[in-house]
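Engineer: Kindly generate the corresponding structure for this input.
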Amino acid sequence: MKTEEFAAGTYRQQFQYKSFLPNPINQEWTWDSPEINALLAEANHWLGQLNGLAMIVPDLDLYIRMHVTKEAQSSSSIEGTQTEMDEAVQDDQEVIAVEKRDDWREVRNYIEAMNQSVASLEHLPLSSRLLCQAHSILLKGVRGEAKSPGEFRRSQNWIGGATLADAVFIPPHQDDVPELMSDLEKFWHNEQIFVPDLIRIAISHYQFETIHPFLDGNGRIGRMLIVLFLIAKGLLKTPCLYISAHLEKHRSAYYDSLMAVRTRNDLNQWIRFFLVTIMETSKRGVATFEKIHYLRKEIDEKLHSLGRRAVNARRIVNFLYGKPVFTSAELSKRLKISQPTVDRILNDLISMELVSELTGKQRYRVFYLKEYYQLFLS
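Structural biologist: Below is the predicted model:
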């Protein structure tokens, strides 16, 4: 099937509304666009650079925690969740304002769902089962918990508008979801067809969002699917690609490109947008890892001047690479270092301009590893 000749699907009359039934995608795909070929090569290059760099970074797990947190915060923000990065990195809801705890839980659920899914890929293939497990975690104890967590929908949903009558888009009828998801899953693993992996996941993401198989959380699971697919295919070793930051920044173009396929059969527009997203996100990831490398060397040189306190100072800073927003009491408890020692080292780090206080309060102060933390804000 040529992408230029792709017919996205048909509308089917239901009771008082029409739902969109997407055509199956498990087939060979070709295209005539030189631009797609160029973008595909560029995206693969930068993704390879990111993966290679991530694999040689010391203490990688510390930094991956921040990458996953950034992805969770950005992906949830696309759906309207109002949680800032300094809140997203917190493990304890007691430090979050009461009115923001629901949003905070949604972001924390996303982090847990991503981490559990990546771990599950070691013994499970990428599958509907895996996505349903992630969905169950995503909706645990939050506003969507009544919307069949971990199960494909058994009723009609819609996108935009208050009701089916004024919806922007109505996905396929619930009875069509199992067969469509089966086709999608076969497409991920079909070795009888030659489709480059980035083209395969570009088309897969479009198809997943069009099927909208869950009653809630489709956007977040669909974006999680991109990273899980890249890990399953060996294009990424770890979830170090925070793609949702780019999609949040270009939210209108993201939604418009998906709708262009459904309304105008313009699959090439979506593929171009997707490849640019992978390329730009990978470039940013490479730049971030390079900055982390130089920043770590700079910090280590400064800590050397602390003499005997340098050992505990390095323990503290290494902890902060994974959780750069913290309280003094948290450091003492987590690292089993006495509170007076932690406070003295914090004063040293503040004097070196490595750590700053975030709240401006005299009590219950929150600190952050300033320059490192700021790498993940843009």
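
Engineer: how close does Tyr110 sit to Asn312?
Structural biologist: 33 Å (CB to CB, to the nearest Å). C-betas here are computed from N, CA, C, even on glycine.

Engineer: okay, those two: which has more neighbours?
Structural biologist: Set side by side, Tyr110 and Asn312 give different neighbour counts by other CB atoms under 10 Å, the larger being at Tyr110 (31 against 19).

Engineer: nearest residue to that one other than its sequence neighbours?
Structural biologist: What sits nearest to Tyr110 in space, not counting adjacent residues and going by CB to CB, 6 or more residues apart in numbering, is Ala72, at 3.8 Å.

Engineer: The one you found against Ile111, yeah?
Structural biologist: Yes: taking contact to mean CB atoms under 8 Å, the distance of 4.7 Å between Ala72 and Ile111 places them in contact.

Engineer: Would you tell me which helix is longest in this structure?
Structural biologist: helix 267-303 (DSSP state H).

Engineer: Name the next helix or strand downstream of it, please.
Structural biologist: Proceeding N to C from helix 267-303, the next assigned helix or strand is helix 310-322, under DSSP states H and E.

Engineer: Would you point out the helix or strand in the chain whose mean pLDDT is lowest?
Structural biologist: The helix or strand with the lowest mean pLDDT-type score in the chain, counting by mean pLDDT, DSSP states H and E, is helix 85-88 (a mean of 85).

Engineer: Output that one as CSV, restricted to C-alpha atoms.
Structural biologist: C-alpha atoms of helix 85-88 as CSV (Å, rounded to 0.1, in the frame of the first residue of the first chain):
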residue,chain,number,x,y,z
MET,A,85,8.2,19.4,37.2
ASP,A,86,9.1,20.4,40.8
GLU,A,87,5.9,18.7,41.9
ALA,A,88,6.2,15.7,39.5
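
Engineer: Does anything pack onto it? Which helices or strands?
Structural biologist: Here helix 85-88 touches helix 60-78, helix 101-120, going by 3 or more CB pairs under 8 Å, 6 or more residues apart in numbering; DSSP states H and E.

Engineer: Quick one: the ones you listed as a markdown table, columns for mean pLDDT too.
Structural biologist: Shown next, in a markdown table, are the helices and strands packed on helix 85-88 (pLDDT from 0 to 100):
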| stretch | mean pLDDT |
| --- | --- |
| helix 60-78 | 87 |
| helix 101-120 | 93 |
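
Engineer: Dump those helices to JSON lines, plus distance to Tyr11.
Structural biologist: Compiled in JSON lines, the helices and strands packed on helix 85-88 are given as follows (distance: least, CB to CB, whole Å):
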{"stretch": "helix 60-78", "distance to Tyr11": "27"}
{"stretch": "helix 101-120", "distance to Tyr11": "33"}
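
Engineer: nearest to Arg264, of those helices?
Structural biologist: Nearest to Arg264, of all those, is helix 60-78, at 23.0 Å by CB to CB.

Engineer: Which positions within the closest one qualify as buried?
Structural biologist: Within helix 60-78, the residues scored as buried using 16 or more other CB atoms under 10 Å are 60, 62-78.

Engineer: Need the contact partners of it.
Structural biologist: The contact list for helix 60-78, computed with CB atoms under 8 Å, 6 or more residues apart in numbering, reads 54, 57, 83-85, 88-89, 103, 106-108, 110-111, 114-115, 219-220, 223-224, 227, 238-245, 247-248, 251, 285, 289, 292, 318, 321-324, 376.

Engineer: Pull the distance from that helix to the chain's centre.
Structural biologist: The gap between where helix 60-78 is centred and where its chain is centred comes out at 6 Å by CA atoms, centre = their mean, to the nearest Å.

Engineer: Show the backbone phi and psi for Gln82.
Structural biologist: In terms of degrees, to the nearest 10, the main-chain angles of Gln82 are phi -100, psi 80.

Engineer: which residues touch it?
Structural biologist: With contacts taken as CB under 8 Å, 6+ apart, Gln82 has the following neighbours: Lys100, Asp103.

Engineer: Likewise for the one 3 residues further on?
Structural biologist: Met85 makes contacts with Thr69, Lys70, Gln73, Val325, Tyr373, Phe376, Leu377, as judged by CB under 8 Å, 6+ apart.

Engineer: Just the element for the fifth one, please.
Structural biologist: Here Tyr373 is covered by helix 370-374, with elements defined by DSSP H and E.

Engineer: Of all the residues in that helix, which ones are buried?
Structural biologist: Within helix 370-374, the residues that qualify as buried by neighbour count (16+ other CB under 10 Å) are Lys370, Glu371, Tyr372, Tyr373.

Engineer: on that earlier part again, from the contacts of helix 60-78, which would you call buried?
Structural biologist: For the contacts of helix 60-78, a burial check counting by 16+ other CB under 10 Å picks out 54, 57, 83, 85, 88-89, 103, 106-108, 110-111, 114-115, 219-220, 223-224, 227, 238-245, 247-248, 285, 289, 292, 321, 323-324, 376.
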